[in-house]
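**Q** Sequence first, then the predicted structure:
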Amino acid sequence: MSASSVSRRRILSLWLPRLPIDRIQRFLGSAGLGNPTHPSIVVIKDNNALVIHALDEAAERLGLYIGQPLANARAMCPDLKVFDADVVADAKTLSDIADWCDRFTPLVALDPPHGLFLDITGCAHLFGGEAALLTMLVRALARQGFAVGAAIAGTSVCARTLTRQASGSIVPDGGEAAAIERFPVFALGAGEAITTGLRRAGLKTIGDVAARSPGEITARFGARFSTLLAHALGQGDAPISPRKPLPDYIVEKRFAEPIATDTMIAMTLSRLADTLIASMEKQGKGARRLEAAFFRTDGVVRAIMVETGRPVTRSAVIDRLFRERLDALADPLDPGFGFDMVRLSASRTEIVVQEQRDLDAHVHDNDELAALIDRIAARIGGKRVVVHLPQDTHIPECAAMAAPAQHHLAAAVQAEWPARVESEPPLRPMRLFDKPELVTVPFATVPDGPPHQFTWRRALHAVVRVEGPERIAMEWWRQDGRQLTRDYFRIEDAEGLRFWIFRDGLYDELIDKEGKSIPAKWYVHGLFA
C-alpha cells in the first residue's frame, strides 16, 4: 500500500466547559433537589480568595464569568447558589465519561481538566460517518445533562482549538490552517505570558502568527510554542496518550434493543468468545487476560476481568471463567434499563505452544490443576491463590515467597526444596510466624546459652530440653544498622510443647551509643508439631 493511500489520523475533541456545575446539578436533579431557575456557580480558593470555577447558563447570562471573585458575584446576584469545588469528583466524572466513550473507539485520552480526545481513525464509518458520529456523541452527552462542545480535525491541537471556538466543526484532511487562522491567539492555549507577548507584537490572530517565519517565532517565544503552532496548523502532531492500552483483540456486539436478562448476557458472551477464539486461532495465539465490558444505555460502563495461567484456546473455558466471575461478584452486574453494547477483549495474549497430550498423563494433570486455579481465581481473585517458591537465602522469613499461582505454577512444580535428613528432627518448625513474637526471659546462660524459662502470651514455660544454638547472621546487603545476628534454639517445655526461639543480637552487638550493654530481646519465631 502506498503512503499516499494511508489515511491520516482523525481526532475528535470533546470539551465539557461546565462539567463541575453539571455534575452537581445532575446529582441534585436525581435526588429531587434541583432548582434550575436559580443561577448557580462553583467556587474554588485562589490566592486566599474564593473565585468562580464554573457557572451555569443562567449565571452566565447575568454577566458572571470564570475567575470572578465571589464577593463581586454576590453583589451582582444576591440569590446566587454557591457550591464548593470538588476537583477529585470532577476528575472521576470525566473518567466515567471517558469509559462511556470507549463504545466509539478504544483510543480515548484525557485532556484535563474538562476535555477528552478520541482517535476515530478508521472507525467513523461504523456510525454513519464523522458528522453522524459527532452529532450522536454530542446529543447523547446533552441528554445526560452535560454542556458539551466537539470538533474533528487531523491533529489534536487543531481539534481542541476548534472545540473551544467553533464547536461542531469538521475539518477535512489538510484544512487545519485555514480552519483556525481567524481565531484569536489565546485559543491555542499557550499560556498568558505568550499570549500577551503575541498581542504586544501585533499578532492578534493565529493567522497573523502563522504568517511569520518559524525561526522568528521560535527565537521570540521558544521551541515549545513553535511546535504547538505547527501542530495546530496540521504540520505534524504529537500522539495522544490513551487511558488504556489497546487490547490485542476486540470483538463486540451492539443491540438495537438493550438486553437485560442473565440468559441474553451469557449467550452474548458465548458468541463473542467464539468469535474471539476464531480470530486468535488464525495467528496461533491464546488469551491470558480477558475483559468483558458492559455498556448501559444511561452511560454507565461495567468491566469484568479474568486472568488465566495458560493461554486459553477454547471458548467453553472463557464461558466458564466469566460465569464463575459473575456469580462471585460482591456488587452484582446491574443492567439498569439494559445494555446496548457488550465488548469482549483479550488484553494479553501468548503464542500457543503445542504439547504431546495423548500419552503424557503429567501434562493432563497440569492442565486440570491450571484450570482449577483459574476457576478459583475467577471467584476470589488471582492474588489470593498462591504457591510458595523457595528462595536462595538462609534468613527464615525470606526462605519462601508467596506468588500468584496462575503465573508461577510451572515454577512451583519444578521447584526444589531442601531435603529433610532421614531419622533427624526437622530443623525448621511447621508453623512459622509472619512476625516473631516477643517473649520475656528473666535470665539465660551467657554468652550464647539458652533461656531457662520464658513467658509467652502471659503463660510461663519452663525449659526442659534444648537444641542449639543455630547462629544466623543477616546478609550484608540487607544490613541497615538494625539487623542483628540471631541465635536460634529448639526448645521443649515441661508440657511437651516445642518452640523455635531466638535471641536478637550477640552480647557484643548489644551496646548503646555510650558503650553500655543493652539487655537482649528474645522472640518466638515458630512452633514445632
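**A** That came through fine.
**Q** residue ranges for the strands of the stretch 251-400 of the chain, please.
**A** 285-296, 301-312, 339-351, 386-390, 400-404 (DSSP state E, counting those that start in this stretch).
**Q** Repeat that for the stretch 101-250 of the chain.
**A** With DSSP E, counting those that start in this stretch as the criterion, the stretch 101-250 of the chain has strands spanning 108-111, 115-119, 149-153, 249-259.
**Q** Give me the mean pLDDT for the last one.
**A** By that I understand strand 249-259. For strand 249-259, mean pLDDT rounds to 93.
**Q** With the shortest one instead?
**A** Model confidence over strand 108-111, given as mean pLDDT, is 94.
**Q** Likewise for the second one?
**A** On average, the pLDDT along strand 115-119 is 95.
**Q** now do the third one
**A** Average pLDDT, strand 149-153: 95.
**Q** Mean pLDDT per helix and strand in the chain: which one sits at the bottom?
**A** Of all regular secondary-structure elements in the chain, judged by mean pLDDT, DSSP states H and E, the least confident is helix 361-380 with a mean of 76.
**Q** and that one, what other elements does it pack with?
**A** With contacts taken as 3 or more Cβ pairs under 8 Å, 6 or more residues apart in numbering; DSSP states H and E, helix 361-380 sits against strand 301-312, helix 315-327, helix 405-414. Heads up, the C-betas are built off the backbone N, CA and C, glycines and all.
**Q** Would you mark the buried spots in the longest one?
**A** Of the residues in helix 315-327, those with enough neighbours to count as buried (16 or more other Cβ atoms under 10 Å) are 315, 317-318, 320-326.
**Q** How far does it sit from its chain's centre?
**A** With Cα atoms, centre = their mean, to the nearest Å as the basis, the distance from the averaged C-alpha position of helix 315-327 to the chain average is 23 Å.
**Q** just the angle between that helix and strand 339-351, please?
**A** 120 degrees (axes from the mean of the first three to the mean of the last three Cα atoms, to 10 degrees).
**Q** so what does helix 315-327 touch, helix or strand wise?
**A** Using 3+ Cβ pairs under 8 Å, 6+ apart as the contact criterion, the elements in contact with helix 315-327 are helix 262-281, strand 285-296, strand 301-312, helix 361-380.
**Q** what would these look like in TSV with distance to Leu497?
**A** Formatted as TSV, the entries for the helices and strands packed on helix 315-327 read as follows, by distance: least, Cβ to Cβ, whole Å:
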stretch	distance to Leu497
helix 262-281	54
strand 285-296	47
strand 301-312	40
helix 361-380	34
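**Q** Nearest to Asp46 among these would be which one?
**A** strand 301-312 (33.9 Å; Cβ to Cβ).
**Q** could you give the angle of the closest one to strand 400-404?
**A** 120 degrees.
**Q** And strand 301-312, what's buried?
**A** Using 16+ other Cβ under 10 Å, the residues of strand 301-312 that count as buried are 301-302, 304, 306-312.
**Q** again with stretch 83-96
**A** Neighbour-count burial for stretch 83-96 flags 83, 85, 90, 93-94 (criterion: 16+ other Cβ under 10 Å).
**Q** So which residues make contact with that stretch?
**A** By Cβ atoms under 8 Å, 6 or more residues apart in numbering, the residues outside stretch 83-96 that reach it are 16, 19-21, 23-24, 40-44, 53-54, 110, 112-114, 116, 243, 299-301.
**Q** show me where the stretch 1-150 of the chain has helices.
**A** 19-30, 57-61, 70-76, 87-101, 130-143 (DSSP state H, counting those that start in this stretch).
**Q** ok so, going back, could you dump the least confident helix or strand of the chain to PDB, C-alpha only?
**A** Extracted as PDB, the C-alpha positions of helix 361-380 are listed here (Å, rounded to 0.1, in the frame of the first residue of the first chain):
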ATOM      1  CA  ALA A 361      -0.500 -38.100  32.000                       C
ATOM      2  CA  HIS A 362       1.600 -35.400  33.600                       C
ATOM      3  CA  VAL A 363       0.500 -32.900  31.100                       C
ATOM      4  CA  HIS A 364      -3.100 -33.700  31.700                       C
ATOM      5  CA  ASP A 365      -2.700 -33.300  35.400                       C
ATOM      6  CA  ASN A 366      -1.100 -29.900  34.900                       C
ATOM      7  CA  ASP A 367      -3.900 -28.800  32.700                       C
ATOM      8  CA  GLU A 368      -6.500 -29.800  35.200                       C
ATOM      9  CA  LEU A 369      -4.700 -28.100  38.000                       C
ATOM     10  CA  ALA A 370      -4.200 -24.900  36.000                       C
ATOM     11  CA  ALA A 371      -8.000 -25.000  35.100                       C
ATOM     12  CA  LEU A 372      -8.900 -25.400  38.800                       C
ATOM     13  CA  ILE A 373      -6.600 -22.500  39.800                       C
ATOM     14  CA  ASP A 374      -8.200 -20.300  37.100                       C
ATOM     15  CA  ARG A 375     -11.700 -21.100  38.300                       C
ATOM     16  CA  ILE A 376     -10.900 -20.400  41.900                       C
ATOM     17  CA  ALA A 377      -9.000 -17.200  40.900                       C
ATOM     18  CA  ALA A 378     -12.100 -16.000  39.000                       C
ATOM     19  CA  ARG A 379     -14.100 -16.300  42.100                       C
ATOM     20  CA  ILE A 380     -11.900 -15.000  44.800                       C
END
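**Q** I am finished for the moment; much appreciated.
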